[in-house]
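Novice: prediction below, plus the sequence it came from.
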Amino acid sequence: MRSIIVRDLVVYRDHVQAIKSGFTSSIFTCNQLIHLYSKHGLLKDAHKLFDEIPHPNAYSWNALIMAYIKAQNLTQARAVFDSAVDRDLVSYNSMLSAYVGADGYETEAVDLFDKMQSARDMIGIDEFSLTTMVNFSAKLRLVCYGKQMHSYMVKTASDLSKFASSSLINMYSKCGLFRDACSVVSGFDGVVDLVSKNAMVAACCREGEMDMALNVFWKNHELNDTVSWNTLIAGYAQNGYMDKALALFVKMTERGVRFDEHTLASVLSVCSGLKHLKLGKCVHAWVLKNDYNSNQFISSGIVDLYCKCGNIRYAELVYAGIGIKSQFAVSSLIVGYSSQGEMMKAQRLFDSLLERNSVVWTALCSGYAKSQQCEEVFKLFRKFVTREELIPDAMIIIRVLGACATQATLSLGKQIHTYILRMRLKMDKKLLSAMVDMYSKCGNIMYAEKSFQLMTDRDRDVILYNVMIAGYAHHGFENKAIQLFHDMLKKNVKPDAVTFVALLSACRHRGLVEQGEIFFISMEDYSVLPEINHYACMVDMYGRANQLEKALEFMRKIPIQIDATIWGAFLNACQINNNTSLVNKAEEELLKIGADTGSRCVQLANVYASEGNWNEMGRIRKKMRVKEAKKLTGCSWIYVENGIHAFTSGDTSHAKADAIYSTLLCLNWKEVKQLHEILG
């Protein structure tokens with residue numbers, strides 16, 4: 001016989017004895033056995049026993065329905081439900097809860113609840129039914145539907161229990177109505193149960209109101225359980241307060257509160273975020289000591305920890321010990337390989353998977369994008385579209401749009417935009433920012449502007465504004481960039497360091513020195529500390545405006561160590577101003593910081609050549625030959641027939657090089673002929 005847990009053997013033994021004695025089992029025993037068989041996954045035995053019951057009651061039908069629900073066979077569960085002669089509220093609630101908990105059954109959930117309302121005089125609708133539909137509203141972010149459920153609960157006095165209130169808090173929070181979530185709590189007259197309290201702490205963490213979350217947590221702190229501590233620790237971690245998350249974990253252990261796998265997962269996430277390898281190893285040791293390593297969730301977190309700390313060997317060892325590989329562990333290892341530039345290993349791991357979810361596809365796509373292997377990004381996305389039935393994750397689209405921006409591939413970028421519209425993907429802030437950036441870097445500022453305008457003023461964040469301001473600056477629309485900055489301030493969007501880099505870039509290209517100085521000084525008003533790029537922009541701006549003395553004075557006041565970026569901007573200023581007297585000083589400083597690379601040497605040589613100082617230019621060229629310093633070769637590329645074709649000067653490696661050069665000769669000849677005709 002198949003194995004059954006000892007505590008269930010009593011019912012099973014009674015059934016066997018009844019059969020041996022020739023007695024017909026009572027319906028109570030049969031119902032218990034159906035539940036027992038379904039509990040252990042013996043669906044055929046459960047259904048066979050059900051069929052043998054002469055007159056099954058509502059409990060019998062419910063037991064069989066639940067058996068198929070537990071087996072995640074909702075189609076068969078619904079078939080049993082529809083054929084049930086004796087259905088009660090438990091039958092409806094079981095089926096409703098199953099639809100709400102699964103993905104892709106939203107229509108079935110709404111239809112079933114409508115039927116429940118039509119039959120409520122016979123079966124009724126209880127608190128569990130309404131709470132389930134509130135959770136359904138939270139899952140789909142349908143606040144209108146959630147408010148209707150809330151009204152219904154108030155009318156029927158079903159909103160006073162702890163489960164009802166916690167579901168309402170959760171729904172309003174997930175739908176972005178934090179104040180409404182707070183109003184649910186305020187209606188309790190200061191008496192809050194643990195379930196509702198934990199829901200409110202989670203809502204505060206979701207909103208980023210960590211001070212409020214802490215106040216709620218410590219109020220009636222004697223109620224706090226492991227879930228309470230886990231919620232706040234995870235909230236700190238998700239909002240970037242890694243040190244506070246660790247401090248709270250220490251306090252949790254000091255108070256003797258028992259922690260579980262969710263606590264460890266949050267702590268591992270904090271260690272990963274801080275790249276705190278030593279502490280992560282301590283957590284790993286504790287996991288091994290207490291036999292938690294069989295937990296897939298924790299093992300995946302350990303793989304992620306070692307990958308983010310750059311210890312791929314340890315990550316591989318932990319991954320090899322995982323029995324059933326989780327998609328999270330796989331994606332973490334793929335990201336780890338990608339961070340080390342080992343894309344072949346990442347690709348092999350990806351290819352070894354029998355099943356892939358969006359997270360794994362995104363991980364590999366991100367790896368190729370970060371290593372600037374744009375053609376591989378495009379190939380991978382084409383495979384995803386043709387092979388997978390999954391709706392693409394927004395991050396995949398963002399990576400592909402980023403690759404389009406890197407390669408200035410406008411035609412492919414437009415295709416991706418069309419794909420987004422066809423698939424009816426939600427255009428959130430991140431996706432829209434990637435779209436604006438792609439159009440801007442591909443040279444179509446008009447499309448970038450139209451994409452920017454798709455987002456309402458209320459929903460625009462600093463990232464979206466930064467991308468558009470940088471786009472205007474890059475395309476020579478300095479006035480529009482400055483105007484958009486002022487509009488941004490009117491909408492109470494606080495600028496950051498990236499905003500001022502874009503603004504200073506706009507000013508240096510246009511020669512707006514006074515305006516650039518105003519922007520630089522105003523950074524202090526927004527608590528933005530100047531960084532290397534800001535200083536380099538200012539030096540370059542003075543150089544382009546033929547104000548080399550101001551550039552020198554400004555460099556003397558820079559409070560941080562000047563690096564190759566700033567000295568490079570200074571060299572450019574010297575070249576623009578035809579001043580080679582200061583170049584030797586710049587060269588000495590570049591040698592001190594070890595930045596005499598091929599690019600800098602060529603820049604130095606060009607400055608000397610512009611003044612006709614051939615001896616110095618020759619000296620720099622000789623130094624490049626001795627050190628074997630080489631400047632990266634500039635190239636051009638074009639996207640034709642689903643592929644990128646790159647070219648350098650005098651390149652003959654292309655498969656169609658002969659045809660390309662023949663076409664160029666024809667074009668050159670036609671230009672010469674037209675010139676002769678014009679000159680007459």
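Specialist: Cool, the structure landed. Residues are numbered from 1 along each chain as shown.
Novice: only C-alpha atoms for contact and neighbour calcs from this point on.
Specialist: Noted.
Novice: do you know how far the closest residue to Phe249 other than its chain neighbours is from Phe485?
Specialist: Leaving out its chain neighbours, the residue that sits closest to Phe249 by CA to CA, 6 or more residues apart in numbering is Ile233, at 6.9 Å. Separation of Ile233 from Phe485 (CA to CA, to the nearest Å): 37 Å.
Novice: hmm, back to that, my read is that the residue nearest to Phe249 contacts Lys251, right?
Specialist: No: with contact defined as CA atoms under 8 Å, Ile233 does not reach Lys251; the gap is 10.7 Å.
Novice: okay, those two: which has more neighbours?
Specialist: Ile233 (26 against 13; other CA atoms under 10 Å).
Novice: does Phe128 touch Leu96 like I think?
Specialist: No: Phe128 is not in contact with Leu96 according to CA under 8 Å; the separation is 10.0 Å.
Novice: now the stretch 551-680 of the chain, which segments are flagged as low pLDDT?
Specialist: 578-655, 668, 670-680 (pLDDT under 70).
Novice: ok so, going back, buried stuff in the one helix or strand the residue nearest to Phe249 maps to?
Specialist: Using DSSP states H and E, Ile233 falls within helix 226-238. Under the neighbour-count criterion of 16 or more other CA atoms under 10 Å, helix 226-238 has 227-238 buried.
Novice: try stretch 364-378
Specialist: 364-370, 374-378.
Novice: ok, these vs Met66, which is closest?
Specialist: Leu364 (39.1 Å; CA to CA).
Novice: quickly find the element holding that closest one.
Specialist: Using DSSP H and E, Leu364 falls in helix 358-370.
Novice: can you tell me what sits against that helix?
Specialist: 327-328, 330-332, 334-335, 338-339, 343, 346-347, 350, 374, 376-377, 380-381, 384, 390, 392-393, 395-396, 399-400, 402-403 (CA atoms under 8 Å, 6 or more residues apart in numbering).
Novice: what's the first helix or strand after it?
Specialist: Past helix 358-370, the next helix or strand by DSSP H and E is helix 374-387.
Novice: packing partners of that next one?
Specialist: helix 358-370, helix 394-407 (3 or more CA pairs under 8 Å, 6 or more residues apart in numbering; DSSP states H and E).
Novice: make TSV out of those helices and add distance to Asp563.
Specialist: Output for the helices and strands packed on helix 374-387, formatted as TSV (distance: least, CA to CA, whole Å):
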stretch	distance to Asp563
helix 358-370	24
helix 394-407	26
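Novice: what's the offset of stretch 361-379 from the middle of its chain?
Specialist: 15 Å (CA atoms, centre = their mean, to the nearest Å).
Novice: now do that stretch: distance from first to last residue.
Specialist: 12 Å.
Novice: before we move on, what about stretch 153-163?
Specialist: 12 Å.
Novice: how about stretch 505-518?
Specialist: Termini of stretch 505-518 sit 13 Å apart (CA to CA).
Novice: list the contacts of it.
Specialist: Taking CA under 8 Å, 6+ apart as the rule, stretch 505-518 contacts 470, 472-474, 476-478, 481, 503-504, 537-538, 540-542, 544-545.
Novice: separate out the buried members of the residues you listed.
Specialist: 470, 472-474, 477-478, 481, 503-504, 537-538, 540-542, 544-545.
Novice: okay, the angle between whichever strand or helix holds Asp243 and helix 226-238?
Specialist: For Asp243, the host element (DSSP H and E) is helix 242-254. Orientation of helix 242-254 against helix 226-238 (axes from the mean of the first three to the mean of the last three CA atoms, to 10 degrees) gives an angle of 160 degrees.
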